[in-house]
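Chemist: fold the stuff below for me.
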Amino acid sequence: MVCTQKSKKTEFKTLEGVITRTKHGEKVSLSSKCAEIDREMISSLGVSKAVLNNVIFCHQEDSNWPLSEGKALKQKFDEIFSATRYIKALETLRQVRQTQGQKVKEYQMELKYLKQYKEKACEIRDQITSKEAQLTSSKEIVKSYENELDPLKNRLKEIEHNLSKIMKLDNEIKALDSRKKQMEKDNSELEEKMEKVFQGTDEQLNDLYHNHQRTVREKERKLVDCHRELEKLNKESRLLNQEKSELLVEQGRLQLQADRHQEHIRARDSLIQSLATQLELDGFERGPFSERQIKNFHKLVRERQEGEAKTANQLMNDFAEKETLKQKQIDEIRDKKTGLGRIIELKSEILSKKQNELKNVKYELQQLEGSSDRILELDQELIKAERELSKAEKNSNVETLKMEVISLQNEKADLDRTLRKLDQEMEQLNHHTTTRTQMEMLTKDKADKDEQIRKIKSRHSDELTSLLGYFPNKKQLEDWLH
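Modeler: Numbering: from 1, shown residues only. Alright, predicted model coming up:
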């Protein structure tokens, strides 16, 4: 360690520690950079760190540690003599002894049960030995019995084989007897059925038999041809039945479309009746309606619609002209009212100004009652002001202006009532326009339905013509549907 005193501060610096030894006649140095000096010193001197610090290299100030308190003294001695390590070793030995004693007790209990298991195993082993001896003797007895049974089994097999042959022969005999009886029975039946017994030779009989076989084959060939013809007819019948079912399905579909068409016609007639009632058209109180009536209704509705449209347009034009005229009058009256209001405001301002001047003059008169000259002057000014006030009142008659304003307000109220009446008439015209729009929609819907009916007729005309031989008219279709 090196400590250097400079002008204002002290510098402390630790030098590098080096241990130098002579080994085999040579000096060997160990630096603190390569190893830990304290551990090397302890290893070289062969004493513990506590002995070095507290005994060998103890500082003079710390040399009275044997006189310290009991706890600190005990700690010092424990460090010097490494008592802590021995205490831990004793504690470990005590724990090991306790653990081993517990294990010994467990092993003793286990040994007791193991002895019982051993005795039981010996008994079982003796029983197994005796049973194995009995089993060996029993196997020998069974083997001797099997040796005795072998010739008996062979004899039994021979007997079973002979018995099967006998049963087979017996069955053949029974079958032959049954066949013989059946043949005798068939022969007797044939003899009974035969009207005449053939008296010719076998060759003649064979010729007859072959001729009969030839006839049978010819009949069979004709039968096959008849079966083929029958299958062909059955196939044609199935095709016709299939075509019939398809036509029935198509007929059902056409019937459904016809029913829907009748529903649409009834709905159309109902709409025509309600619309005719609303429009007060005669001749449409009861349905159903013919084509001529429908055309007549369309013509009447179209004429009514055109008339209503013309009337509505004329009313709209008249109302527009009246509205323009009234609006122009309202604007003129409003401008006139505004001008009169402005004049009234100006006159009112002048009047209020003169009244204020009159008040000021009266106030000055009250203040200057003692001055006669001032009074005369003020009287003259007062007379002059009253003269100007009366002149202003004459020039601007307030009552007349008020009456004009009231008359203009009444005229405005009349114009408002006229505008409300015009609005009501416009609403009625809008209602008629809505009705006309509905009529146009119904007319378009009817045209679409007529077009659908025409397409259906054109699509099924060939089928109906092929089925009926002609295409039915509308009256015939209605008769069939009803």
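
Chemist: so which elements touch the host helix or strand of residue 226?
Modeler: Assigned by DSSP states H and E, residue 226 belongs to helix 202-279. Counting contacts by 3 or more C-beta pairs under 8 Å, 6 or more residues apart in numbering; DSSP states H and E, helix 202-279 packs against helix 291-367, helix 398-468, helix 474-481. To be clear about C-beta, it is placed using only N, CA and C from the backbone, and glycine gets the same treatment.

Chemist: quick one, that helix and helix 291-367 angle?
Modeler: Here helix 202-279 runs at an angle of 40 degrees relative to helix 291-367 (axes from the mean of the first three to the mean of the last three C-alpha atoms, to 10 degrees).

Chemist: what's the offset of helix 202-279 from the middle of its chain?
Modeler: 51 Å (C-alpha atoms, centre = their mean, to the nearest Å).

Chemist: quick one: the strands in the stretch 1-150 of the chain, in order.
Modeler: Taking DSSP state E, counting those that start in this stretch as the criterion, the stretch 1-150 of the chain carries its strands at 2-5, 10-13, 18-23, 26-31.

Chemist: please identify which of those is closest to residue 380.
Modeler: In terms of C-beta to C-beta, the element of those nearest to residue 380 is strand 10-13, at 116.5 Å.

Chemist: just the CA atoms of that closest one, as PDB, please.
Modeler: Provided in PDB are the C-alpha atoms of strand 10-13 (Å, rounded to 0.1, in the frame of the first residue of the first chain):
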ATOM      1  CA  THR A  10      -4.200  12.500  -0.200                       C
ATOM      2  CA  GLU A  11      -3.900   9.600  -2.700                       C
ATOM      3  CA  PHE A  12      -4.100   6.000  -1.500                       C
ATOM      4  CA  LYS A  13      -3.000   3.200  -3.900                       C
END
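
Chemist: show the average pLDDT along that strand.
Modeler: Confidence over strand 10-13, taken as the mean pLDDT, stands at 74.

Chemist: helices or strands up against that strand?
Modeler: Helices and strands touching strand 10-13, by 3+ C-beta pairs under 8 Å, 6+ apart, are strand 2-5.

Chemist: ok, and what's touching the strand it packs on?
Modeler: 10, 11, 12, 13, 14, 15 (C-beta atoms under 8 Å, 6 or more residues apart in numbering).

Chemist: repeat that with 6 Å
Modeler: 11, 12, 13 (C-beta atoms under 6 Å, 6 or more residues apart in numbering).

Chemist: now the last one, which residues is it bridged with?
Modeler: So that's residue 13. Beta bridges link residue 13 to residue 2 when assigned by DSSP bridges.

Chemist: how close does it sit to residue 266?
Modeler: 125 Å (C-beta to C-beta, to the nearest Å).

Chemist: the two: which is more packed in?
Modeler: residue 266 (12 against 8; other C-beta atoms under 10 Å).

Chemist: what separation do you get for the more buried one and residue 276?
Modeler: 15 Å.

Chemist: same question, residue 176
Modeler: 105 Å.

Chemist: going by mean pLDDT, which of the helices and strands packed on helix 202-279 comes out lowest?
Modeler: helix 474-481 (a mean of 61).

Chemist: on that earlier part again, and residue 176 and residue 276? Which one has more around it.
Modeler: Taking neighbours as other C-beta under 10 Å, residue 176 and residue 276 compare with residue 276 leading, 18 against 10.

Chemist: how close does the more buried one get to residue 431?
Modeler: 18 Å.

Chemist: next one: residue 139
Modeler: 122 Å.

Chemist: can you check residue 205 too?
Modeler: 113 Å.

Chemist: next one: residue 411
Modeler: In terms of C-beta to C-beta, residue 411 sits 31 Å off from residue 431.

Chemist: neighbour count for the two, which is higher?
Modeler: residue 411 (14 against 10).

Chemist: who are the neighbours in contact with residue 22?
Modeler: Listed by C-beta under 6 Å, 6+ apart, the contact set of residue 22 is empty.
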